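**Q** need coordinates for the below:
(chains A, B and C)
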Amino acid sequence: MLTVAPPDAVELRSNATFEALMWALSRPGDIRTLPDAGFDAIAETLVDLECSAYADTSEMRERIVASGAMLADRIGDADHVFITALEDAGQQLAEINCGTALYPDDGATLIVAAAHRGQRLRLSGPGIKDATEIALDLPSGFWAMRDLLCLYPEGFDIFCVDGDKVIGIPRSTKVEVL
Amino acid sequence: MAYVATRGGEKAIEQAERLFRQDLGTIDAQRVETIRTTMPYLIDRVMGEASLYDEELAALALAQTGGELSEAVLVLRAWRTTQPRLAIARPVKQDEVLTQRRISAAFKDIPGGQILGPTLDYSHRVLATDVLEGKPFAPPQVEKATSPAPAKQPSLADWQRQQGLVAPTEPSDIAPEDIPDLTREPLLFPASRAHRLQSLARAETGGVLALGYAAMRGYGNAHPTVNELRLGEANVLVRHPRGTEFSAGRVRVSQAEVTSKEKGGYLELGFAATFGWNEVKVIAAATLDLNSDEAPVGSPVHEEFYLYHTESVEASGFCIHFKLPHYVTFQSILDAMRDTKAKKAAAEAKGEVYVAEPEEEPVL
Amino acid sequence: MSLASLTKDWAATSYGFLDASAKRELRRKMLKAIAVPGCQMPYASREVPMARGWGTGGLQVTLTLVNSASVVKVIDQGADDGVNAASIRRFISRVSGAAETWDTLSATIVQSRHRIPEEIMREDQVLVLQVPNPEPLRGVEPNISIARQMHADADYGKLWLTLYEQIVRKGRIMQGASYPAMVNGRHVMTPSPIPRWDVPKLNMARHLTFLSAGREKRLHAVPPYTRVEPLVFSDRPYQVEDHADLTCRRSGVRGFFMNELPQDGGGSVFEVSDSNLGIKAIDKADGSAIEIGETWYRNGEYSA
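**A** Numbering: from 1, shown residues only, chains lettered A, B, ... in the order given. Here you go, the predicted structure:
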């Protein structure tokens, strides 16, 4: 009584993308491989007409509109924030939605292009056995800004995308700049 | 595998399902069509509780489950899960509904008139046993009125607003796509009115009736007067991506507005609507809506109480889940109980007093 | 743009049963659940072709994760051949093409009701627990709006008080299964009705755990290497079920959680609750080349 459709390309890509994102967030600092480089597959996996999203490039904005999601003019109105060029964390991120103690799930997901090299960081917290060290190329004020904004369990969660590689840093992770 | 040989569970469940289906026999399009055409009110009830308007699928669900209503609703809702959402229809306005029945208990007559439409309200509920003796029951023909009632009827509440009896409504310019959708987002409390009304629209008829009746009997603080009860057909108006609005078809709908007493210089109104024609449900649901705002937390007429407990699929599913094995949790309880008894026996053997009061443990 | 571009060709059901937007919503909530361990995340919870209360929450998570390369194990009360476990496993493989297994070591996804397998789960495995009631505070506060505020305030006083009262009245904490546990030092969660025996397996585990309640529309997660501490008083240690000295009458394994089978003449015999562990032990004794993984309990003592 049940006829099941085989998976189409979108299903295959989204399933693999989610698996990468899920393990990236479960093991902060681990580098996972996305099926496609860039933000497109991530948007396809997470964003649809029940979301609001912000992007700093016109291509991503078109992608968001095509998904049916509401295009946010301000970062503070978005539940998904796609940033290709993060220059001044203080100014750009100050408004990002961190949810509330009542509904921490309202905290935004930040998807940011960041090379997996540069500044050394030590991570600890859930998902990490003791501590782990990684390198991420994000503006110098970024981590201080995050400390200021994330009042656990309020906060936002980060995916740092470098080509087809992704590192996840949930709000539960303690980040020390080395 | 020796360990499992004595269990045979998988075979037993397969045969049990076969037995259920064998008892119902072959289901064909004819059976589905007969159910659809002869049981319109049952179809309406199932479509309302399933929040899926498709008479044919509802009839199929009834055929497949032998009329086990909670199963029929579940199978439809599960099917609904697999379907994409293509468009969002424009809200239905009362005075645009193609109205076949519209009555008010609040006034002897109302602007537009009392339109009885089809109803058994004033009939004598006598079983037509003659049918069983071979004499078919052919209903007498309806005699047409000299002039037909207008297809559309104004809203009584609008007239009451003009008279200053009902509080003016704030025009809400919310875009249809921004109206929250309970089937795509969780119900949180305090619930938005949209969520409350959507939840009532798909609630189990019997459950809504039970709690609505409790409110009417005195567990609520508002005794309802039916301000307006309306059965009709609503156009489903959707917008083509190019911008043109068009009708995707018509759905039968029921609406009830009940009022009780004055609040802040105006009559309070409770409202409910659902797919299909189901008067009992919308009157009971509108009564719950009316009572909501002043209901004490934890009372049967408080929204968290009645919305959670009238959700048909959740309530019936949880009820029947107690048939599943629970021997691991039971073992865990036994262990704690035996340990306490052993401690008590040990204490008594030493001549000490072991104080333990009987207590019901919360079963999680 | 046309209507066609908004939709897809008609299909009776989608791959993995759930439609794309249902999966996206679950993915978003599953990520948030990982980001705030132990915190209940509300989700819409679509109806699936099983009754609520029969594992629909776990099933939605599994259907979101599953692909044709997945290997799925489903247990109920520890048994792979329980009628509902078998039915869920068959459904998952039917709608996804995933392989089915009874072996904890071969599974990529283990969906379970009321038990965690005895063999230690690996870093690449996901455990999906079916949850009837996700709210550890329900027993002390049935209203979920108030309970949510209590979580927001980390106000667990009422819960501690009932545990204390049990000690005063009965000489011990009487909570059977569903023993409340503090996750990452912030949120108290129910680990679902697993026995007390299984709760330590979640603490600093290698695997990822999702706990999902379909009827109550809440899901929470325990990421790998996350602290999960049962609520206990420092002078009253956590007590697991007294099963360390019991022996399975069929397989002979000893020191695992057991099912008790009452006997006609009075008294009871025991069978290991993780039924596939029993099968593997029997097969191994018969000379088959069977791998039994390392277990969380050794000689009846938790030692992972």
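**Q** just give me the longest helix of the chain.
**A** Assuming you mean chain A. helix A:9-26 (DSSP state H).
**Q** to clarify, I was referring to chain B.
**A** helix B:327-349.
**Q** what about it, near chain C?
**A** Yes. Residues of helix B:327-349 contacting chain C under C-beta under 8 Å from any C-beta of the partner chain: B:327-340, B:343-344. For every residue, glycine as well, the C-beta is placed using N, CA and C.
**Q** buried ones only from the residues you listed, please, as a ChimeraX command.
**A** Selection command for ChimeraX covering only the buried members of these, criterion 16 or more other C-beta atoms under 10 Å in any protein chain shown:
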select /B:327,328,329,331,332,333,335,336,339,340,344
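**Q** so which strand or helix has the residue in the stretch 1-150 of chain B that chain C sits nearest to?
**A** Nearest to chain C, among the residues of the stretch 1-150 of chain B, is residue B:77, at 3.6 Å (C-beta to the nearest C-beta). According to DSSP states H and E, residue B:77 maps onto helix B:69-81.
**Q** by contact count, what packs against that helix?
**A** helix B:40-50, helix B:55-65, helix B:312-321 (3 or more C-beta pairs under 8 Å, 6 or more residues apart in numbering or on different chains; DSSP states H and E).
**Q** a markdown table for the ones you listed, including mean pLDDT?
**A** A markdown table is the format used below for the helices and strands packed on helix B:69-81 (pLDDT from 0 to 100):
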| stretch | mean pLDDT |
| --- | --- |
| helix B:40-50 | 98 |
| helix B:55-65 | 97 |
| helix B:312-321 | 94 |
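**Q** let me have those helices in TSV, extended by distance to chain A and mean neighbour count.
**A** Shown next, in TSV, are the helices and strands packed on helix B:69-81 (distance: least, C-beta to the nearest C-beta, whole Å; neighbours: other C-beta atoms under 10 Å in any protein chain shown):
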stretch	distance to chain A	mean neighbour count
helix B:40-50	18	24
helix B:55-65	8	22
helix B:312-321	19	20
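**Q** need the three-state assignment for the spatially most central residue of chain C.
**A** Nearest to the mean C-alpha position of chain C, by C-alpha atoms, centre = their mean, lies residue C:129 at 2.7 Å. Local secondary structure at residue C:129 is given as strand here, using DSSP: H, G, I helix; E, B strand; the rest coil.
**Q** surely it touches residue C:212?
**A** Yes. Contact criterion C-beta atoms under 8 Å: residue C:129 and residue C:212 qualify, at 7.4 Å.
**Q** got any residues that touch both of these two?
**A** residue C:58 (C-beta atoms under 8 Å, 6 or more residues apart in numbering or on different chains).
**Q** what is the burial count for residue A:36?
**A** 14 (other C-beta atoms under 10 Å in any protein chain shown).
**Q** contacting residues for it?
**A** So residue A:36 contacts A:13, A:17, A:164 (C-beta under 8 Å, 6+ apart).
**Q** residue contacts, the second one?
**A** The neighbourhood of residue A:17, defined by C-beta under 8 Å, 6+ apart, consists of A:34, A:35, A:36, A:41, A:42, A:44, A:45.
**Q** how about the residue in the stretch 1-150 of chain B that chain A sits nearest to, nearest residue that isn't a chain neighbour?
**A** Residue of the stretch 1-150 of chain B nearest chain A, by C-beta to the nearest C-beta: residue B:85 (7.7 Å). The shortest distance from residue B:85 to any residue other than its chain neighbours is 6.8 Å, reached at residue C:21 (C-beta to C-beta, 6 or more residues apart in numbering or on different chains).
**Q** make sure that neighbour is actually in contact with residue B:86.
**A** No. With contact defined as C-beta under 8 Å, residue C:21 does not count as touching residue B:86 (11.2 Å).
**Q** more neighbours: which of the two?
**A** residue C:21 (17 against 10).
**Q** now do the helix or strand where that one lies against helix A:9-26, angle only.
**A** Using DSSP H and E, residue C:21 sits within helix C:20-35. Taking axes from the mean of the first three to the mean of the last three C-alpha atoms, to 10 degrees, helix C:20-35 and helix A:9-26 form an angle of 10 degrees between their directions.
**Q** whether the helix or strand just after helix C:20-35 contacts chain A - can you check?
**A** The helix or strand immediately downstream of helix C:20-35 is strand C:41-42, counting by DSSP H and E. Yes. Strand C:41-42 lies within reach of chain A by C-beta under 8 Å from any C-beta, at C:41, C:42.
**Q** what packs against strand C:41-42?
**A** helix C:20-35, strand C:218-222.
**Q** which bits of chain A sit near chain B?
**A** Close to chain B, as judged by C-beta under 8 Å from any C-beta, chain A has residues A:49, A:50.
**Q** what's the local residue count around residue C:261?
**A** By other C-beta under 10 Å, 11 other residues sit near residue C:261.
**Q** surely it forms part of a helix?
**A** No. Counting by three-state DSSP, residue C:261 is not found in a helix; it is strand.
**Q** check contacts around it.
**A** C:268, C:269, C:270, C:271.
**Q** 6 Å - rerun?
**A** Contacts for residue C:261 (C-beta atoms under 6 Å, 6 or more residues apart in numbering or on different chains) come out as residue C:269.
**Q** would you mind measuring from it to residue C:249?
**A** Distance of residue C:261 to residue C:249, given as C-beta to C-beta, to the nearest Å: 8 Å.
**Q** between the two, which contacts overlap?
**A** Joint contacts of residue C:261 and residue C:249 (C-beta under 6 Å, 6+ apart) are residue C:269.
**Q** picking that back up, now the helix or strand following the helix holding residue B:77: buried residues?
**A** Later in the chain than helix B:69-81, the nearest helix or strand by DSSP H and E is strand B:98-103. Using 16+ other C-beta under 10 Å as the test for burial, strand B:98-103 gives B:99, B:100, B:101, B:102, B:103.
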